[in-house]
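Colleague: Just the structure for this:
(one chain, ligands or ions: 1)
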Amino acid sequence: MTTSLFTLSLTSEVTLIHKDDKIILQAPIRTALKKTTPTRQVTFEHPQSGLTSALNHLQSSQKTRDKLRALVATNDGDAAAEKFDAQLQQLINIGWVCHSVFLLATAIPIVETDYHFESPEIKQLEGKFTLSRFAYLHQHQGQAIIESPLSQSKIVALDWRCAALLAQLSQPQTSRSLSTEIPGITEAVAQEFLALLMATHMLSSQPETTPLMYWDFHDLLFHSRSRMGRHNHPSGGTMRFLGKTEPLPIVKPAMSDKVIKLVRPDLEYLAQIDIPLTKALEFRQSIREYNQQPMRVQQLGKILYCCARIKKIETMETEDFGTLHLNYRPYPSGGAIYELEIYPVVNRCQGLEAGSYHYQPLEHCLYQISGWNSDVEELIEEAYKSSGEQDRPQILLVITARFGRLFWKYESIGYALILKHVGVLYQTFYLMATGMHLASCALGIGDSDRFAQITGLDYYEESSVGEFILGSVR
Ligand SMILES: Cc1cc2nc3c(=O)[nH]c(=O)nc-3n(C[C@H](O)[C@H](O)[C@H](O)COP(=O)(O)O)c2cc1C
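Modeller: The predicted structure follows:
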């Protein structure tokens, strides 16, 4: 058994056209924003019978590379076979050719340039192998797919035995041990399946070294899928829910009937007395200790107004997407969508009852969700613990994201974008707090499930994605 027994086929996106005295292969080019744009073509001029037959087989039946080459050699001669082999390699390199362990699994390229697929030598398949900790199996559009952020391919499992093989490969296995465990899998098939996993970087390389060993499974998957590169999913502002669902409103419906109006600061006056930006940047630091006298509700109002209020709402008519409603706030946000919401959780604040609130950025007011209770106390306690247990925060700003508002437009990069927005908002709060002589500190961790329970928010609709603590300076 040799590993060149993989059978080859064109990916489903490639069409084969016989035209005049030519054979044209063409496939859509995928771009980041749109699923398909103009096509890319590879043309075979004046194909002889062997080449024609080999290309037809590549489209419609599963033959090995050796068999395809032999077909060309027999009909068109050795020189033509040599040329065909080089052309086939080019088709592989641009990601147009699938490699299969036929009837068990197919590796489909997910990149369009520089696709590397090297069939391992038999001797490389001697010994024991384990599934990579980055490989995973999931259902997608009715198929069982094996993927990994280390791979340029996805493997479609064509048979339930694939899942059985993967399960066995959680422990080191040889092709022989695999074949004794699973009915219908011979040692030769097990070896070919191992070869397919090896060629697609789905097997573990032991011992794992730097830099890979630093990566968590979910971090590398998130990184690879939210950047362009090793995947062919549409990414960016694809507006995938346009015409399917209505975008969520800019402002959330009121969360209670207890409204606390906040004072609007005089921005012109502030512009005259504020410290310069360079000073704010230089003096900014994370402060986790507070004065006995807590900060005032006017200060909370000022920081929310200066950092996070809605300054302007605009309606834009577009040719492609109809009417879009945009809004503008002091901090920047992708697509002027602003999916982040702010929930002040108050421990001690002059002029404001302890409890939890939602900030309404258009009316510049707070809606009280609850008074002081054990859940609110627990949130403050968690923030106290994750800020080094120096002092209990006077105010904890819990930042949530209304996922649907952003995901309506952005695909693949949505969650990454949210975390970027949280960072942007953190720094805006930091600089404003510095200018206001308030103690402030970002937090890196918080319990989204607990916050969902406390507020009654649906975890999938709107969850906490950041926390920021505030208080008066000691
Ligand atoms: C995203 C982010 C997460 C942070 N998480 C925490 C945290 O969980 N607890 C904490 O006490 N400080 C946290 N900090 C504050 C950092 O510890 C602080 O910025 C760093 O020590 C540098 O100090 P400086 O802010 O005073 O310049 C965080 C800062 C950022 C930007």
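Colleague: next structured bit after the lowest-mean-pLDDT helix or strand in the chain?
Modeller: Scoring the helices and strands of the chain by mean pLDDT, DSSP states H and E places strand 37-45 at the bottom, with a mean of 89. For strand 37-45, the following helix or strand on the C-terminal side (DSSP states H and E) is helix 49-60.
Colleague: coming back round to it: what is the least confident helix or strand of the chain packed up against?
Modeller: strand 22-29, helix 78-93 (3 or more C-beta pairs under 8 Å, 6 or more residues apart in numbering; DSSP states H and E). No exception for glycine: its C-beta is placed from N, CA and C like everyone else's.
Colleague: Tell me which of those sits most buried.
Modeller: Of all those, strand 22-29 carries the top mean neighbour count, a mean of 17, counting by mean count of other C-beta atoms under 10 Å.
Colleague: Adjacent strands (with direction) for that strand?
Modeller: Strand 22-29 pairs in its sheet with strand 15-19 (antiparallel), strand 37-45 (antiparallel), by DSSP bridges.
Colleague: still on that earlier bit, reformat the helices and strands packed on strand 37-45 as CSV; add distance to L221.
Modeller: Shown next, in CSV, are those (distance: least, C-beta to C-beta, whole Å):
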stretch, distance to L221
strand 22-29, 25
helix 78-93, 25
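Colleague: Spatially central residue in this protein, please.
Modeller: Residue closest to the average C-alpha location in the chain (C-alpha atoms, centre = their mean): S226, at 3.5 Å.
Colleague: What are the phi and psi values at it?
Modeller: Per-residue torsions, S226: phi -100, psi 0 (degrees, to the nearest 10).
Colleague: Could you shift the numbering so residue one becomes 25, and keep it that way?
Modeller: Okay, residue one is now 25; in that scheme the one you just asked about reads as S250.
Colleague: how many other residues sit next to whichever residue of the stretch 125-274 of the chain sits closest to the ligand?
Modeller: Ranked by C-beta to the nearest ligand atom, the top residue of the stretch 125-274 of the chain for proximity to the ligand is D243, at 15.0 Å. Neighbour count of D243, defined by other C-beta atoms under 10 Å: 11.
Colleague: Would you mind naming the helix or strand containing it?
Modeller: Using DSSP H and E, D243 sits within helix 241-250.
Colleague: Given the helix or strand following that helix, what are its sheet partners and their directions?
Modeller: Where DSSP H and E defines the elements, the next helix or strand beyond helix 241-250 is strand 260-261. Strand 260-261 has the following strand partners under DSSP bridges: strand 434-435 (antiparallel).
Colleague: Go through the very next helix or strand once past the strand it pairs with and flag the buried ones.
Modeller: Heading C-terminal from strand 434-435, the first helix or strand you meet, by DSSP H and E, is helix 438-459. If you call a residue buried by 16 or more other C-beta atoms under 10 Å, then helix 438-459 has these buried ones: 438-442, 445-446, 449-450, 452-459.
Colleague: Mind giving me the packing neighbours of helix 438-459?
Modeller: On a contact count with 3+ C-beta pairs under 8 Å, 6+ apart, helix 438-459 meets helix 241-250, helix 301-307, helix 321-332, strand 364-370, strand 419-426, helix 427-431, strand 462-467, strand 486-496.
Colleague: which one of the ones you listed lies closest to I53?
Modeller: Taking C-beta to C-beta, helix 241-250 is the member of the helices and strands packed on helix 438-459 nearest to I53, at 20.2 Å.
Colleague: quick one: that closest one to helix 438-459, angle?
Modeller: Relative orientation of helix 241-250 and helix 438-459, computed by axes from the mean of the first three to the mean of the last three C-alpha atoms, to 10 degrees: 100 degrees.
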